[in-house]
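Enquirer: no FASTA, just this:
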């Protein structure tokens, strides 16, 4: 699929998912492929406007771990580029909203977390195999 087409399809799917999640407080669209979903709001790096996307996540103690896979695309997802520009984010889990700070996992953290990520959702290993880029893990705290 061409990048522009993938981006359009992704925006449409994200819009529906986000709306269902918000309307139901996460009861609908709160899980994907057996993994819990949250809504992550970042500040657009060029527009300055809030950008909200549904993402699967894994717990790591009190932290939340996100995978910036974009389905194995060679490009980083927009939400990842946004939080690299401004690490202040807002997370909505169900009806619980909280401010958090995002950072890319260190190489040591990624080495520790990646086996859990792929054990939880083997699709991430396939995504990593599709791309030459190193898929970042993001830690929210």
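Expert: Noted; the coordinates are in hand. It should be emphasised that the depicted structure is a prediction, and the values quoted were computed from it without experimental measurement.

Enquirer: which residues of this structure fall in strands?
Expert: Under the criterion DSSP state E, the chain contains strands at 31-32, 35-43, 50-56, 58-60, 63-67, 88-93, 96-104, 137-140.

Enquirer: show me what the third one is packed up against.
Expert: This points to strand 50-56. helix 3-24, strand 35-43, strand 63-67, helix 78-85 (3 or more Cβ pairs under 8 Å, 6 or more residues apart in numbering; DSSP states H and E). For glycine as for every other residue, the C-beta is placed from the backbone atoms N, C-alpha and C.

Enquirer: repeat the analysis, applying 10 Å as the threshold.
Expert: Judged by 3 or more Cβ pairs under 10 Å, 6 or more residues apart in numbering; DSSP states H and E, strand 50-56 is in contact with helix 3-24, strand 31-32, strand 35-43, strand 63-67, helix 78-85, strand 88-93.

Enquirer: residues touching the one residue sitting closest to the centre of the chain, list them.
Expert: Geometric centre of the chain, nearest residue: residue 55, 4.0 Å, by Cα atoms, centre = their mean. Contact analysis of residue 55 by Cβ atoms under 10 Å, 6 or more residues apart in numbering lists 14, 17, 32, 35-40, 64, 66-69, 77, 79, 91, 138.

Enquirer: so where's the chain shaky on pLDDT?
Expert: Regions of the chain meeting the criterion pLDDT under 70 are absent.

Enquirer: quick one: closest of the strands of the chain to residue 2.
Expert: Residue 2 sits nearest to strand 50-56 of all these, at 20.9 Å, using Cβ to Cβ.

Enquirer: buried residues in the closest one?
Expert: 51-56 (16 or more other Cβ atoms under 10 Å).

Enquirer: likewise stretch 102-115?
Expert: Neighbour counts over stretch 102-115 (16+ other Cβ under 10 Å) mark 102, 104-105, 109-110, 113-114 as buried.

Enquirer: what residues does that stretch touch?
Expert: So stretch 102-115 is contacted by 40, 42, 58, 60, 63-68, 79-80, 82-84, 86-89, 91, 117, 124-125, 128, 134-141 (Cβ under 10 Å, 6+ apart).

Enquirer: I appreciate the help and will end here.
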